[in-house]
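>>> prediction below, plus the sequence it came from.
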Amino acid sequence: MDAEPVAGESAGPGAPPRNVVPMTQTEAPAASRTSGLTAAEVAQRVARGQVNDVPVRSSRSVGEIVRANVFTLFNAVIGTLFAIVLVVGPIQDGLFGFVIIANALIGIVQELRAKRTLDSLALIGEARPTVRRDGRSQEVGTSEIVLDDVIELAPGDKIVVDGTVAEADSLEVDESLLTGEADPVLKHPGDPVLSGSFVVAGGGAFTATKVGREAYAAQLAEEASRFTLVHSELRSGISKIIKYCVMLMVPAAVGLVFSQLVIERADVAEAVRRMVAGIVVMVPEGLVLLTSVAFAIGVIRLGRKQCLVQELPAIEGLARVDVVCLDKTGTLTEGGMDLSEIRLLDGTDGGPAAGEAYVRQALGALGESDPHPNASMQAVIDACPAPDGWRWRETLPFSSARKYSGAALSEPDGSSGTWLLGAPDVLLPEGHPALAETEALNAEGLRVLLLARSELPLEELAEPGGAVGGAARVTGAVQPLALVVLEQRLRPDAGDTLRYFAEENVTAKIISGDNAVSVGAVAAKLGLPGARRPVDARRLPDDQESMGEVLEEGTVFGRVTPQQKRSMVGALQARGHDVAMTGDGVNDVLALKDADIGVAMGSGSEATRAVAQIVLLNNSFATLPSVVAEGRRVIGNIERVANLFLTKTVYSVFMAWAVILAHVPYPFLPRHLTLLSSLTIGIPAFFLALAPNRERARPHFVRRVLRLAVPFGLIAGVATFTTYLLARAHYGAAESTREAETSAATLTLFLIALGVLAIIARPYTWWRLLLIATMAAGFLTVLVTPWLQEFFALNLEGLMMPWAAVGIAVAGVAGLEVAWRIVPRYWPDLPAAAH
């Protein structure tokens, strides 16, 4: 993310071209500029289908959304049962079928809304490479590139199709995401480049040789880049729960079918209705729906804040994070900087002190020679205009590993030399007097660059791969002339965001390529704990375990190389942390890719946006708390409502086996369980799933849900079946008393299910209490309204049995409270939903 001490990262393909004048053709033999395809040639290739038709990352098609919500295992089971009920009637026993239709429609509508949001945001954040056509440079969409297009490259650009280098100006390409090779590769004309790699230094152009699905990265990414929940712990946990439900349902359903047909042999229609009721209630049909809806609404909410979620599990993943690694530039500070002052240095290294005017001319010439200035160099360019008479022969582009750039310049009097601009602690030997002055400036939070010159040629001052320091660390290799002091602009919202993470028990680590003292001073201004004790990453141990120990203790790390950022993320993960990484620069790509969650700024390089799961299109670090809150809402609330759905499955399976073993009719008709499920699970779950929730997500989702749902379900099942047996004994177990027996059992089950809801809804707020009261009032309305009594076949006869049903329910609710208080003693990690 940090635009390191000097130029190198791309100002973006839309940056205006800058007039750079080489000395002469003989002194700087420039490669002939390729003019690119003509409009007619482009049209021919489009007609032949030779375009970069790549899979869309952000969303799935409308057909896929409809199929995912309609053609499911549970819908097939419930649809079949619905068809059976339509045959045997009456229609009120088929209400559950209309509920499933409504669920599918809600899921489709919400996911289509999410798709629209994702697609529109993806269009905003799409990379737009610069191609040459008809001799002119122009931006096009990635999907508009055709075979043989000439595509320009600058630092930070992602190579979007395979090709062959046509022009190279110290072009260094990182292919580590494809090959695993850590060191950048120096490219020359004729060398191949692969899609999925990215430019870390220099510039140039390449000719597209493979486009669309033939390109290397497209072949690797076509499936992985789809809109998917496959890698979501929440989704995989729900899939596991569904598997458990099916394992319980199948034998219980088979046994129930036979037992009801045997018991009700005189009334097959009644047997079928009660068998259907026993099976339908086992299906946690709304759980999958609510998960999809919760994610979809999360996408829509974040989309309104200009946050592009490129992979849905990222919403969940960021909520699980306990360490967030932040780069300074673009996160704590804004991208732009201002040149504060130029401090001339003594000529103790063999030359007279340079005048400020002369230094400004040299800085202006360096800026003029850099076609892709980053924030640091742009500040120099703004303050030091290009001088007359200075010319450049060759340039050394900035790289995050090297930490300086340079150029071979010729002055107006004909003298020439090599000029460097970069990190003082990299260019100067240890103990140099200028380093003490640099340290003092860094302690004020200022960024300091060193302007120096050397008689050595550029190729001797750095290795092609950008090894830190190179030959420049040799004493006497450079003559320091001036310190260039830059003032960084703090983001006004950075302090509040850091405080939010601290309050939410998320540890923030600042990992920057800048001077450690300077980074620490900036972090200290924002109130980050431990910022006054910055760590220089050049002194970090190489082995993962030792590095992890240092990372646990430290907060601010400076002079971090791109490879070190990647290693630091790995070291934190090895110690059991869920790590998020934010970045906007090409030096952040490797760490973003390896982090559990990668977050890129919308104004960052194409490469960072391509590998990140979340892109902040408004470039606001302050949006991150919204993403965390949304993820916590999704995970915490789905865990909350999963307890409701799974409790229902447990008590329904218990009731089925109890009926089979006791050889009695199933106590309920489908309409009874549709009413109970709607009032105690379906309607409340919808509200609870979308409510705010600030609890940090934790692992072992399935285990935490089961340890409450199983005892709750067993208590509900035992209490309900007890009431049913008592009612059969009280009323005589005759055909004419079946409705009274069912009504008593329904009353007990409703009250206990309401007790489960009351526990799961904690901690109480006014709207949660109102929700519980409304559900209770809904059931009471059914009991006292004659036509609803008839519709739902509910009729509480006498006083003794209804009050007995209430008494058993009260004992059951007391059992729920006991279970809720005992479970934490044996399983301390109680779900946030119930605590």
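Right, received. Where do you want to start? Everything quoted here is computed from the prediction, not taken from an experiment.

>>> output the lowest mean pLDDT helix or strand found in this structure.
helix 216-221 (a mean of 54; mean pLDDT, DSSP states H and E).

>>> next structured bit after that one?
Once helix 216-221 ends, the next helix or strand along the chain (criterion: DSSP states H and E) is helix 233-263.

>>> what residue ranges in the stretch 151-300 of the chain score low on pLDDT?
Applying pLDDT under 70 to the stretch 151-300 of the chain flags the ranges 176-183, 215-232, 264-267.

>>> what residues are up against residue 592?
581, 583, 598-600, 608, 611-612 (CB atoms under 8 Å, 6 or more residues apart in numbering). (Each C-beta comes from the backbone N, C-alpha and C, glycine too.)

>>> could you rerun that using 6 Å?
Contacts here follow CB atoms under 6 Å, 6 or more residues apart in numbering; on that basis residue 592 touches 581, 583, 598, 611-612.

>>> sort out for me which of those are in helices.
With helices taken from DSSP state H, the overlap with the contacts of residue 592 comprises residue 611.

>>> report how many residues lie close to the nearest residue to residue 582 once chain neighbours are set aside.
In space, and not counting its chain neighbours, residue 582 is closest to residue 599: 4.5 Å by CB to CB, 6 or more residues apart in numbering. The tally of other residues near residue 599 (other CB atoms under 10 Å) stands at 32.

>>> could you look up the SS state of the residue nearest the centre of the chain?
Taking CA atoms, centre = their mean as the criterion, residue 314 is the residue nearest the geometric centre of the chain, at 2.7 Å. The three-state assignment at residue 314 reads helix, by DSSP: H, G, I helix; E, B strand; the rest coil.

>>> that one against residue 612, yeah?
No. The pair residue 314 / residue 612 is not scored as a contact, 8.7 Å apart, by CB atoms under 6 Å.

>>> just the element for residue 198, please.
strand 198-210.

>>> buried ones in that strand, by neighbour count?
198-208, 210 (16 or more other CB atoms under 10 Å).

>>> which neighbouring elements make contact with it?
Contacts defined by 3 or more CB pairs under 6 Å, 6 or more residues apart in numbering; DSSP states H and E place strand 198-210 against strand 150-153, strand 162-174.

>>> in its sheet, what does the shortest one sit against?
When you say that, I think you mean strand 150-153. With DSSP bridges as the test, strand 150-153 is paired with strand 130-133 (antiparallel), strand 198-210 (antiparallel).

>>> the nearest residue to residue 390 once chain neighbours are set aside and residue 453, how far apart?
Excluding its sequence neighbours, the residue lying closest to residue 390 (CB to CB, 6+ apart) is residue 365, at 3.8 Å. To residue 453, residue 365 is 11 Å away according to CB to CB, to the nearest Å.

>>> what about residue 487, how many neighbours?
So residue 487, with other CB under 10 Å, has 15 neighbours.

>>> that older thread, just put the strands paired with strand 150-153 in a markdown table and tack on distance to residue 254.
As requested, the strands paired with strand 150-153 are exported to a markdown table (distance: least, CB to CB, whole Å):
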| stretch | distance to residue 254 |
| --- | --- |
| strand 130-133 | 64 |
| strand 198-210 | 56 |
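
>>> may I see the buried residues of the helix or strand residue 495 falls within?
Taking DSSP H and E as the definition, residue 495 sits inside helix 494-503. For helix 494-503, the neighbour count (16+ other CB under 10 Å) marks 494, 497-498, 500-501 as buried.

>>> repeat that for stretch 706-726.
Neighbour count says stretch 706-726 has 706-726 buried, by 16+ other CB under 10 Å.

>>> got TSV for the helices and strands packed on strand 198-210, with mean neighbour count and distance to residue 618 too?
Shown next, in TSV, are the helices and strands packed on strand 198-210 (neighbours: other CB atoms under 10 Å; distance: least, CB to CB, whole Å):
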stretch	mean neighbour count	distance to residue 618
strand 150-153	24	27
strand 162-174	22	27
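
>>> now those strands as TSV including distance to residue 677?
Shown next, in TSV, are the helices and strands packed on strand 198-210 (distance: least, CB to CB, whole Å):
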stretch	distance to residue 677
strand 150-153	58
strand 162-174	55
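
>>> among these, which is nearest residue 480?
strand 162-174 (23.7 Å; CB to CB).

>>> that closest one pairs with which strands, parallel or anti?
Applying DSSP bridges, one finds strand 162-174 paired with strand 185-186 (antiparallel), strand 192-193 (antiparallel), strand 198-210 (antiparallel).

>>> which helix or strand contains residue 407?
Counting by DSSP H and E, residue 407 is found in strand 404-410.

>>> against residue 452, how distant is residue 482?
Distance from residue 482 to residue 452, by CB to CB: 9 Å.

>>> what do you get for residue 488?
The value you get for residue 488 to residue 452, if CB to CB is used, is 22 Å.

>>> do residue 812 as well
From residue 812 to residue 452 the distance is 81 Å (CB to CB).

>>> can you give me the neighbour number for residue 154?
Around residue 154 there are 26 residues (other CB under 10 Å).

>>> let me redo that: residue 136
9.

>>> got it, and residue 799?
For residue 799, using other CB under 10 Å, the count is 8.

>>> what do you get for residue 780?
11.

>>> try the one 10 residues further on
For residue 790, the count of nearby residues is 11 (other CB under 10 Å).

>>> how far away is it from residue 92?
For residue 790, the distance to residue 92 - CB to CB - is 10 Å.

>>> do residue 186 as well
Plainly put, residue 186 is 76 Å away from residue 92 if you go by CB to CB.

>>> which non-adjacent residue is nearest residue 299?
Using CB to CB, 6+ apart, the nearest residue to residue 299 is residue 114, at 4.2 Å.

>>> what helix or strand is that neighbour located in?
With DSSP H and E as the test, residue 114 turns up in helix 95-125.

>>> test my guess that residue 316 contacts residue 234.
Yes. Here residue 316 reaches residue 234: they are 5.3 Å apart, a contact under CB under 6 Å.

>>> report the beta-bridge partners for residue 307.
Applying DSSP bridges, one finds that residue 307 bridges with residue 616.
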